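> Requesting a structural model of the entry that follows:
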Amino acid sequence: MGRGELRIHLGAAPGVGKTYAMLSEAHRRVGRGTDCVVAFVEHHGRPRTAVMLHGLEQVPRKELAYRGGLFPEMDLDAVLARRPQVALVDELAHTNVPGSRNAKRWQDVEELLAAGIDVVSTVNIQHLESLGDVVESITGVRQRETVPDEVVRRADQVELVDMTPEALRRRMAHGNVYQPDKVDAALSNYFRPGNLTALRELALLWVADRVDASLTEYRSEHGVSRIWGSRERIVVGLTGGPEGRTLIRRAARLAEKGAGGEVLAVYIARSDALTSASPKELAQQRTLVEDLGGTFHHVVGDDIPAALLAFARGVNATQIVLGSSRRKTWQYVFGPGVGATVARESGPDLDVHIVTHGEVAKGRGLPVARGARLGRSRRVWGWIAGVAGPLLLTALLSAVDLGLANDMLLFLALTVAAALLGGLLPALASAAVGSLLLNYFYAPPLHRWTIADPKNIVALVVFVAVGVAVASVVDLAARRTHQAARLRTESEILSFLAGNVLRGETGLEDLLERVRETFGMESAALLERASDVEPWTCAGRVGRGRRVERPDQADVDIPVGDRMALALTGRVLPAEDRRVLAAFAAQAAVVLDRRRLQEEADRARTLAEGNRIRTALLAAVSHDLRTPLAGIKAAVTSLRSEDVEWSEEDRAELLEGIEEGTDRLDHLVGNLLDMSRLQTGTVTPLIREIDLDEVVPMALGGVPEGSADLDVPETLPMVAVDPGLLERAVANLVENAVKYAPLGTPVLVAASALADRVEVRVVDRGPGVPDAAKDRIFEPFQRHGDAPRGAGVGLGLAVARGFAEAMGGTLNAEDTPGGGLTMVLSLRAAGGRPAPHPTAEPERQAS
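Down below sits the predicted model:
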């Protein structure tokens, strides 16, 4: 049996027409032939709403006593027993009267949904739990009745019932919402125009957020990558510097100006470099953005502008907020900077905001911190400094005479600059070219490749040696810096992974999505196989990239053991990333193992339940089966004895005992076999249309004459059942009722029609069953109260419910008014034809 669907009519304030809209929907569904009942609707004395109830079947309410008064509440058991297709339940956030089964009405609705009943309900925006503080700040009233946001978000449909504040106030002034003596007070307090406008905005934004979630799901399913500016989604680029908090607050203010704006903060870490990011600062910025209702994301990318734009387009962002560069003026010789590049490459779909802050032009470290794996532009600048730099310096020095020593120091400085920019090879080239130029232009004899003074030979050799040594040291420092950068980046990512685990993000798909997002891949999948000869299967996959069936088809694959692999598509990652990916892959394997262990635990729990039933079966057989056998054997032995001359009365009594014992055995074995069939799922009902008066009377044959009264009208519609299963179910119900009914008080077996259902009620006047035990009595091997061992093995009701559900019906227990227990067996009417309801009023046209 599937879960029912929930539809909610959401309003900004009382009186906008939520209940009226819900009842209008009910009339439309009834007109289409849907079995729809009013489980609970409160019209608050509003005539137009009350008129809409005409023509709809209403489940009678139950009244609960509380503090000397009687309060009407929804009769949950009656609705479950009636089992309509659709139930109308007003005021989802209502708090039930103490003594009810559930504390909140939304919990009653959850039970209806779990029973497969569709529910249409209503709620106001001020009753959402997360908005309590906001609503109190607007209206000055703290809402006592709330409903968790998740309950409303899980609804299959949320329909906004909207009305302008002016129209609502006119409706109130006309007396259509409150009684005339309350209108003036309401209009001057809670229903002020400002309050209504703010509440309306909350409702509109909440619904817009839900619509956006549906749009995101649609875009993902259909592979839409182009930005749809349906709402403001603002991406904040963080560097880990102190200006990040300013940017986040600025983005939050921009989001507040738009319709349901959203803030996404992203920090892009280089895979091969050390940045000036402070882990402590990043943690504070993450807390800040989450406090402001945004989300924090961590992405790895060597090209920061490209990675930032790819992330923004991936989340369908409309704006990017960046801070003014912290680089000093001279550092712009290395490029235009991230902000200018992002603005140039953003295109017409993305707006880029450059925000000033207190850290502008204060510097963010020398570019030497980028490590040994330099970008192409760095290497080009290094070779220019190493080859063209000495030529340019020679041209400049031709105008002045500084002496050979100073000339050599300048060329040495140029060699160090080439090492800083391009690494070892450009520095060696600079040293070689510089030594040749020093020899030709500045060492006597001039403009000759020979050297006259041996001291100059030593100077040139020392110059080359120092240049090579400095270049080697700088290159070694760059390699060490690169290693430190790798370790720091890996630690940031692993720390982020550990934080996700601690926050409970342990789903396999969530973890794969984190891998895909972190490394900027198109898709991520976890593949596995049972053995080396078995084909690979996909245990989990996220992303929109191409599907891979084997690890060798992926751009990156990380083995996890012998029979599992993490496969990524999108681009080839450097070898250094495999260590971090291995940690993700290992965690993915752990998550998969945990999920399977949970499944095995569930199966073990099922097996344990089966073992419990088998143990109870053996216990029942050991006593309840042996007792009638012993009685039968004793009676037969007595009859066969030749030592005693039995009178006709004695013989009749012994034969009667044998017959009773045999009947008891037959009933016991029948129930045991039926329960075994139900437990193994081998009950296959043969459904056909039949009249109840053909089956129910036959079910009374197993009880003493006069112990049960029958009331099955001939006008009832036919039912779609398996006659054999129905007879057995009713027989068990009647035998159980007779067992507990007082002597001389017959059990009543009555049937009636209700919409497209037919109910069979077995009513007794016995001791009854407490509410807490009503479900437990339908479990196998359960005897209620102090029933003696001879009363049976406790299978009758379990078999009856199992047969009822196999035929598409339900079986529930209710209290008999005046004392006792009523078993309600609800069956489907043949053809699904709605049965006439004797108390239903004809539909009236709403005025």
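
> use CA for all of it now, contacts and neighbours both
Fine.

> is it true that residue 390 touches residue 411?
Yes - at 6.7 Å, residue 390 counts as touching residue 411 under the criterion of Cα atoms under 8 Å.

> Quickly list what's touching both of the two.
residue 434 (Cα atoms under 8 Å, 6 or more residues apart in numbering).

> Report the mean per-residue pLDDT for the helix or strand hosting residue 431.
Assigned by DSSP states H and E, residue 431 belongs to helix 424-437. Average pLDDT, helix 424-437: 81.

> again with stretch 462-474
Here the average pLDDT along stretch 462-474 is 75.

> if we can go back for a sec, which elements pack onto the helix holding residue 431?
With contacts taken as 3 or more Cα pairs under 8 Å, 6 or more residues apart in numbering; DSSP states H and E, helix 424-437 sits against helix 376-383, helix 389-397, helix 404-422, helix 454-502.

> make it 7 Å
helix 389-397, helix 404-422, helix 454-502 (3 or more Cα pairs under 7 Å, 6 or more residues apart in numbering; DSSP states H and E).

> Name the residues of it that are buried.
Using 16 or more other Cα atoms under 10 Å as the burial criterion, the residues of helix 424-437 that qualify are 424-437.

> and what of stretch 126-145?
Buried residues in stretch 126-145 (16+ other Cα under 10 Å): 126-129, 131-132, 135, 139, 143, 145.

> Confirm residue 267 sits in a strand?
Yes - under DSSP: H, G, I helix; E, B strand; the rest coil, residue 267 sits within a strand.

> Quick check: the gap between it and residue 240.
Separation of residue 267 from residue 240 (Cα to Cα, to the nearest Å): 7 Å.

> How about residue 183?
Applying Cα to Cα to residue 183 and residue 240 gives a distance of 56 Å.

> More neighbours: which of those two?
Each of residue 183 and residue 240 has its neighbours counted (other Cα atoms under 10 Å); residue 240 has more, 22 against 18.

> quick one: the more buried one is in a strand?
No - counting by three-state DSSP, residue 240 is not found in a strand; it is coil.

> confidence score at it?
pLDDT, residue 240: 81.

> now residue 1
Reading off the model, residue 1 has pLDDT 61.

> same thing with residue 341?
At residue 341, the model reports a pLDDT of 87.

> In space, what's closest to it - neighbours in sequence excluded?
In space, and not counting its chain neighbours, residue 341 is closest to residue 305: 6.4 Å by Cα to Cα, 6 or more residues apart in numbering.

> which residues does that neighbour contact?
Applying Cα atoms under 7 Å, 6 or more residues apart in numbering, we find residue 305 in contact with 338, 341-342.

> one more time with 8 Å, if that's ok
Contacts for residue 305 (Cα under 8 Å, 6+ apart) come out as 338-339, 341-342.

> Reformat those residues into TSV and put secondary structure next to each item.
Formatted as TSV, these follow (three-state DSSP):
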residue	secondary structure
338	helix
339	helix
341	helix
342	helix
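
> quick one: which of those residues is nearest to residue 404?
residue 338 (42.9 Å; Cα to Cα).

> Quick check: phi and psi on residue 352?
The phi and psi values for residue 352, taken as degrees, to the nearest 10, are phi -110, psi 120.

> The nearest residue to it once chain neighbours are set aside in helix, strand or coil?
Nearest residue to residue 352 in three dimensions, chain neighbours excluded: residue 320, at 4.8 Å (Cα to Cα, 6+ apart). Under three-state DSSP, the three-state class of residue 320 is strand.

> Looking at strand pairing, list the partners for residue 320.
residue 235, residue 352 (DSSP bridges).

> Would you confirm that it contacts residue 238?
No - look at residue 320 against residue 238 with Cα under 8 Å: they stay out of range, at 10.9 Å.
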